[in-house]
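1. Could you work out the structure for the sequence below:
(chains A, B, C, D, E and F)
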Number of protein chains: 6
Amino acid sequence: MRKIRVLVVLPILKNPALEEVTRKEIEQIRDETLEVNLVSLEQGPASIESEFDDRIASPWVLEKVKEAEVNGFDAVFLDCMGDIALNAAREIVRIPVIGPCQATMAIASMLGDRFSVITILENVVPLFWRKAREYGFIQNLASVRSVEVPVLELDTKRELVKKKLAEESKIAIEKDGADVIILGCTGMVGMARDVQEVVGVPVIDPVPVSIKLAKLMAELRLIHSNKAYPKPPSKLRKFPGVSELLFKGL
Amino acid sequence: MRKIRVLVVLPILKNPALEEVTRKEIEQIRDETLEVNLVSLEQGPASIESEFDDRIASPWVLEKVKEAEVNGFDAVFLDCMGDIALNAAREIVRIPVIGPCQATMAIASMLGDRFSVITILENVVPLFWRKAREYGFIQNLASVRSVEVPVLELDTKRELVKKKLAEESKIAIEKDGADVIILGCTGMVGMARDVQEVVGVPVIDPVPVSIKLAKLMAELRLIHSNKAYPKPPSKLRKFPGVSELLFKGL
Amino acid sequence: MRKIRVLVVLPILKNPALEEVTRKEIEQIRDETLEVNLVSLEQGPASIESEFDDRIASPWVLEKVKEAEVNGFDAVFLDCMGDIALNAAREIVRIPVIGPCQATMAIASMLGDRFSVITILENVVPLFWRKAREYGFIQNLASVRSVEVPVLELDTKRELVKKKLAEESKIAIEKDGADVIILGCTGMVGMARDVQEVVGVPVIDPVPVSIKLAKLMAELRLIHSNKAYPKPPSKLRKFPGVSELLFKGL
Amino acid sequence: MRKIRVLVVLPILKNPALEEVTRKEIEQIRDETLEVNLVSLEQGPASIESEFDDRIASPWVLEKVKEAEVNGFDAVFLDCMGDIALNAAREIVRIPVIGPCQATMAIASMLGDRFSVITILENVVPLFWRKAREYGFIQNLASVRSVEVPVLELDTKRELVKKKLAEESKIAIEKDGADVIILGCTGMVGMARDVQEVVGVPVIDPVPVSIKLAKLMAELRLIHSNKAYPKPPSKLRKFPGVSELLFKGL
Amino acid sequence: MRKIRVLVVLPILKNPALEEVTRKEIEQIRDETLEVNLVSLEQGPASIESEFDDRIASPWVLEKVKEAEVNGFDAVFLDCMGDIALNAAREIVRIPVIGPCQATMAIASMLGDRFSVITILENVVPLFWRKAREYGFIQNLASVRSVEVPVLELDTKRELVKKKLAEESKIAIEKDGADVIILGCTGMVGMARDVQEVVGVPVIDPVPVSIKLAKLMAELRLIHSNKAYPKPPSKLRKFPGVSELLFKGL
Amino acid sequence: MRKIRVLVVLPILKNPALEEVTRKEIEQIRDETLEVNLVSLEQGPASIESEFDDRIASPWVLEKVKEAEVNGFDAVFLDCMGDIALNAAREIVRIPVIGPCQATMAIASMLGDRFSVITILENVVPLFWRKAREYGFIQNLASVRSVEVPVLELDTKRELVKKKLAEESKIAIEKDGADVIILGCTGMVGMARDVQEVVGVPVIDPVPVSIKLAKLMAELRLIHSNKAYPKPPSKLRKFPGVSELLFKGL
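-> Modelled structure (predicted):
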């Protein structure tokens, strides 16, 4: 069995604390069949907490995705629940690209009948409803709730966040009818186990499950449909600051 | 009644032919209560024919939207059926922002029971299904068909395009059950009347209807919900080449 | 730009107080491009608070719609959230006919992700769910709530009604997940601004938005599909008391 | 077991041929536990082939429904696939009221996964889609097709109609994926057996099944919810030509 | 009118108390046109409270269904809200087979807009959501609630169960928006009238309504579609303990 | 990284040819982190081609699932697209249980917008529509088509089957709008690559993807929700021929 190389793209400006906790979690799922590299952006937002941030991050994310393919990676994981530039990324490469929002919703659909997402801020709640509608999971989505802690404070407030995740999850289960919980921010990496112990239903950490899925797709050579994600036609495109690589072959 | 000023943002590199035909069409709906300005991009793609193009255009579109508000425009019309950066744009301004894909689907829902979109290339067909799902119009969408003419050839092949639009519309009506037709590219501006004469059901040109809707929203001070489109939180954002204005106040 | 003439049909027996407040609100949106006439019924119910009232009003509403076309009006607005005889009206005329329930749902779909309707009485709550299902907006409808004030008391209890509208809107926003509010009775005309100030999300007054939409449709010659609303076949029809005009040409 | 008395309301002007064929079919399901009376309208349209006809028939249908309750009938069957005034009728009486469109869709949902309706004219096709959406059966509706024979010619062209019903049913089964067929006009009464023999899947004649359902509801005292169909509030209602009975108690 | 013979299959080990109360209720709907026989299982579970029980009961239920056809019964009623082996049963016989979950949902769809199911244990709540999705009634299902009394204690705790049914029904009506209630266990037979008196909306007892529907189907010779439920192909099947009859003709 | 042990349950009587081709395919995905055992039934049907076969296989499948947990397997794969006894199996064990129909639909939802299933016989087409509705993937299912070759002839007619799979896939893509293809029978194991080469969009072989998913779930300790699949209550259950193990602890 060949070793699969997955590139994890953190679609934000370099954040050492988040990189470290992500690396630590990845370490637990790594073995001789899986190599994982992690990269952050040099341009873009410090965190993703709006569709505006998504759009500001997208060009730089696409650069990293294209580089991944050129550099021989077998798959890419876009490490943010906003699934930043997911569809566009699939249009420009022929290696699997995994978005954790879509991936966790698909996985949750096999673990129970209805899931809830517990995310960071009320701000991003509408985003999850839109994604669920776009991806076709609206019937499975019981509710979206938030812990009201910004991304950049997740690391320093880990215990508080876990406590709030458990509280909101319980309400989701008892009041909204959820039977599976999805952690709604990849910055909550490593918190699922503790929350699951308290709430008793499956709690999905998007980071390991997405990387494992990226590997599964790569191993089985399951690549997104080029009918759904066709290659962009050639044309003039101007964009200061991006690598020429991005428009190569387009 | 105050005069309403609408900025039309063409989310592509300057295209004199398209600007001219768009201006001509706008001229027909302008009166003493409506002023319309037109602006194209200095950066971005020459046309939008993929989600990749959408992402490459988005930052520069958002700049134009922000400038529109600062310059006292009453509303913005994002002049491309991809509704480029629509949700993100709404997050950063408090004037109405109209996307023609969403607007024509809403209008079509008042003219019949099921509509079809006739667009440029098979490439962008999936995009309309995704938008219809995200916007909640999936039950109303009978089909998406294409004339297989790229955006940049629409102007020089106007008669051919109208002929093909009529052909595909007829199939949509007879086979797919559509009772309303939406022209699926704003580059088809000015073609609706001729097509409608041939096919006999309403054919919606997205440009005039969107500008009129932008005006209606502005006149009635109906501005998108800040619960659905909340203001992005403040944070560090790096983006070479964009105006400082874009991040002002964020 | 030609002046558009819209006929507002109040589908109830003459109610001077309601006519006055409606005229006052219309006055605020009238300009040199818009002429609005108002007509009430000589036969029918004093108000619409059931599907029974809808059926009792329908023949007389259809008479007014037919007269409007004969008298050269450019569009008709059926001024009651029950969209009285909307589909039937579209079958017998070739000028735009706007129902405010359908119109506000379409407009709300562009202002946020999920709307709630706050109406008069619990009695008419099922009616809005049925309309939302028929029109294809069921996924967008967060909830329907009521202030429990009958139509004919709306005018004398305006302050109470506004207070209750704000209260129910807040519950709709916080508990039901609405991000846009629709006033669920055209007798609540003129109350939206005050409610919106309290609740902070868009509050749609169906009267001005429907008249503006009627004008937009007329200006752009967007007339309902005759595939969706075909002309009724000729046949014997007996109906005491209606004008012969109603069956003319059928 | 008490005898159940069902009133069949033909919502059209007296049509002796249709009355006769309907009576003949009813005769076959009558026994000592069921009495069926048939009544047509003195006012209204000669047939129902549009939503306009529906509105013109409604007040007179409601009169008959109210009379039925006053005269001690146990249930009412509204004998037209347009389910004329069904919801309004339920608001004014506390005996079961059956509409054949709703009833056959509910029965069909127990006989297979997807049904098609084969109706008279293309004109009424949109009506069935609207009903299916309103009633919640849109997922089960495979298609609506028509034989292109007007209601008033159904009787003289019975063999032709049966042949066309079989042809359209076969297309519905093979192309649209239907596994159950609903005859889409109560004027097709008595034709189901012959069509079923040809097409091989269940073909539902709306007349006997609706009368039997009306009886079942009455026997089990299953009366429509007064939460879904609340009694209309009291108020002034003017309507020339209708019996005073109609507004009694309202 | 010929007498219809319906076999009621209780898909559980013989339970004299449940058989008695079921017989008593059946007695109330029996007349000269209806004969009802009741049979329980010799193998299988003592009650159905999970999908596991469903699978353990299924082969023995299928045996009874096949016997029913061989013995000349006109229809079968599978007397448990789990609709045990309903689809499989329809594949092997050409007489109507009624499952009470599907039947009550279809009937409820004619009595109001949204129904709630009040069942025995939280354990079986997911089962009703799955059935509603499979049958196409998900839009009509307001909620599923439970009284938390196991099947085998229903008989000895009848007053308590009725009290709890009323309590949960009220919450379903006021909080979940239900306007019709379905008793979610056939062991609650005979309790509907008392609950309905307290809650004021229709409360459906699945036993009488399903038997009546079975009779209706048989009288009108409405048999499930063999396109939806095709006959299983012939092949080797080994199953110790079942009657040879089960595989006869397959 | 510990080695994961997956039990593959072929829910049919021993079929050496199918076991061999399945083992061959499994061999290609096995490495030092994955051990796969294969087991067939001693009782049950020779193949699954109906819901009847599903019910006849279920008890014996459940026995194997229970044994798997007792024998220390980390996950179970139910190797038939009918997802035989999937929900029931999840109720009785606390190790992941994967059904290939659900699994491939979830995976397909990440590879494109709409998938088609190409299965063996027209007989089982309704089954896939029901599963898609139950699992919540109905919006994603473009069509279900069949090659009309029975399960037991798949092995001897491999080239013919692959040819027909390609033909039906092309129709699904061009006419039904599919952008991903799912092989609709696990007996088609090993055919996906050849079909994919011809049709150009992803073609999913359910066997390897399900085993890999089972491993992924086990590695991440993602076990189905016990709220969605609660443990069956204790009670008397009689079933000749099954191992006592099956009811142990219940």
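2. what about chain A, any weak spots by pLDDT?
-> Scanning chain A for pLDDT under 70 picks out A:1.
3. can you list the domains in it?
-> As given by automatic domain parsing, the domain ranges for chain A are A:4-99+A:208-247, A:101-205.
4. wait, does the last one contact chain D?
-> Which is domain A:101-205. No - for domain A:101-205 and chain D, the contact criterion (CB under 8 Å from any CB of the partner chain) is not met; the two come no nearer than 11.4 Å. Heads up, the C-betas are built off the backbone N, CA and C, glycines and all.
5. wait, what's in contact with the closest residue to A:Leu236 other than its chain neighbours?
-> Nearest non-adjacent residue to A:Leu236, counting by CB to CB, 6 or more residues apart in numbering or on different chains: B:Ala46, 4.2 Å away. Each residue near B:Ala46 by CB atoms under 8 Å, 6 or more residues apart in numbering or on different chains is listed here: A:Lys235, A:Leu236, A:Arg237, B:Ile12, B:Leu13, B:Asn15, B:Leu152.
6. Show me where chain A has its helices.
-> Along chain A, counting by DSSP state H, helices occupy A:16-29, A:51-70, A:86-92, A:100-108, A:125-135, A:158-174, A:192-199, A:206-219.
7. Go through these and name the closest to E:Glu148.
-> Closest approach to E:Glu148 among the helices of chain A is made by helix A:158-174 (14.6 Å; CB to CB).
8. Just give me the residue closest to the centre of chain A.
-> A:Pro100 (3.1 Å; CA atoms, centre = their mean).
9. Surely that residue is in contact with A:Ile84?
-> No - using CB atoms under 8 Å, A:Pro100 is not in contact with A:Ile84, being 10.2 Å away.
10. I'd like to know how many residues surround A:Val36.
-> Residues lying near A:Val36 (other CB atoms under 10 Å in any protein chain shown) number 20.
11. cool, A:Lys175 as well?
-> Residues near A:Lys175, counting by other CB under 10 Å: 12.
12. Also A:Ala17?
-> A:Ala17 is flanked by 12 other residues according to other CB under 10 Å.
13. what's it in contact with, if anything?
-> Contacts of A:Ala17 (CB under 8 Å, 6+ apart): A:Asp155.
14. quick one: it from chain E, how far?
-> A:Ala17 is 40 Å from chain E, where distance means CB to the nearest CB, to the nearest Å.
15. between the domains of chain A, which gets nearest to B:Glu134?
-> domain A:101-205 (4.5 Å).
16. Briefly note if the closest one comes near chain F.
-> Yes - for domain A:101-205 and chain F, the contact criterion (CB under 8 Å from any CB) is met by A:102-103, A:106-107, A:109-113, A:135-137, A:139-140, A:173, A:179-180, A:200-202, A:204.
17. The lengthiest strand in chain A - contacts with which helices or strands?
-> Using DSSP state E to define each element, chain A has its longest strand at strand A:4-13. Where contact means 3 or more CB pairs under 8 Å, 6 or more residues apart in numbering or on different chains; DSSP states H and E, strand A:4-13 is packed against helix A:16-29, strand A:34-41, strand A:44-45, helix A:51-70, strand A:75-78, helix A:206-219.
18. repeat that with 7 Å
-> Other helices and strands packing on strand A:4-13, by 3 or more CB pairs under 7 Å, 6 or more residues apart in numbering or on different chains; DSSP states H and E, are strand A:34-41, strand A:44-45, helix A:51-70, strand A:75-78, helix A:206-219.
19. which residues touch it?
-> Defining contact as CB atoms under 7 Å, 6 or more residues apart in numbering or on different chains, one finds that strand A:4-13 is touched by A:18-19, A:33-41, A:44-48, A:57, A:61, A:64-65, A:68, A:72-80, A:84, A:211, A:214-215, A:218-219, B:236, B:238.
20. Could you tell me which residues make contact with A:Pro96?
-> Here A:Pro96 is in contact with A:Ala75, A:Ala214, A:Met217, A:Ala218, A:Leu222, A:Ile223, A:His224 (CB under 7 Å, 6+ apart).
21. Recalculate using a threshold of 10 Å.
-> Shown in contact with A:Pro96 (CB atoms under 10 Å, 6 or more residues apart in numbering or on different chains): A:4, A:6, A:73-77, A:90, A:213-224, F:110-111.
22. A:Val209 versus A:Glu32, what's the distance?
-> Counting by CB to CB, to the nearest Å, the gap between A:Glu32 and A:Val209 amounts to 20 Å.
23. Out of these two, name the residue with the larger neighbour count.
-> More crowded of A:Glu32 and A:Val209, by other CB under 10 Å: A:Val209, with 25 against 11.
24. Can stretch A:80-92 be said to contact chain B?
-> Yes - against chain B, stretch A:80-92 shows contacts by CB under 10 Å from any CB of the partner chain at A:Ile84, A:Ala85, A:Leu86, A:Asn87, A:Ala88, A:Ala89, A:Arg90, A:Glu91, A:Ile92.
25. right, is that stretch up against chain C?
-> No - Stretch A:80-92 lies apart from chain C when judged by CB under 10 Å from any CB; the minimum separation is 16.1 Å.
26. List every C-alpha atom in that stretch, with coordinates, as PDB.
-> Only the C-alpha atoms of stretch A:80-92 are listed here, as PDB (Å, rounded to 0.1, in the frame of the first residue of the first chain):
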ATOM      1  CA  CYS A  80     -11.900  25.500   8.100                       C
ATOM      2  CA  MET A  81     -15.600  24.700   8.500                       C
ATOM      3  CA  GLY A  82     -16.400  27.400   6.000                       C
ATOM      4  CA  ASP A  83     -15.200  25.000   3.200                       C
ATOM      5  CA  ILE A  84     -13.300  27.900   1.800                       C
ATOM      6  CA  ALA A  85     -13.300  27.900  -2.000                       C
ATOM      7  CA  LEU A  86     -14.100  24.200  -2.000                       C
ATOM      8  CA  ASN A  87     -16.000  24.100  -5.300                       C
ATOM      9  CA  ALA A  88     -13.500  26.400  -7.100                       C
ATOM     10  CA  ALA A  89     -10.600  24.300  -5.800                       C
ATOM     11  CA  ARG A  90     -12.100  21.200  -7.200                       C
ATOM     12  CA  GLU A  91     -12.400  22.900 -10.600                       C
ATOM     13  CA  ILE A  92      -8.600  23.400 -10.800                       C
END
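27. Pull the distance from it to the chain's centre.
-> Between the centre of stretch A:80-92 and the centre of its chain there are 9 Å (CA atoms, centre = their mean, to the nearest Å).
28. what do you get for stretch A:178-192?
-> Counting by CA atoms, centre = their mean, stretch A:178-192 comes out at 11 Å from the chain centroid.
29. Spell out whether it and chain C are in contact.
-> No - applying CB under 10 Å from any CB, one finds stretch A:178-192 separated from chain C by no less than 14.9 Å.
30. mind listing what's buried in that stretch?
-> Within stretch A:178-192, the residues that count as buried by 16 or more other CB atoms under 10 Å in any protein chain shown are A:178-192.
31. what's near enough to touch the residue in chain A that chain D sits nearest to?
-> The minimum distance from chain A to chain D, using CB to the nearest CB, falls at A:Gln139 (11.4 Å). Listed by CB under 10 Å, 6+ apart, the contact partners of A:Gln139 are A:109, A:113-114, A:132, C:139, E:133, E:138-139, F:133, F:135-139.
32. what does A:Met110 give?
-> A:Met110 makes contacts with A:180, F:86, F:90, F:96-99, F:102-103, F:105-107, F:135, F:213, F:217, F:222, F:224, as judged by CB under 10 Å, 6+ apart.
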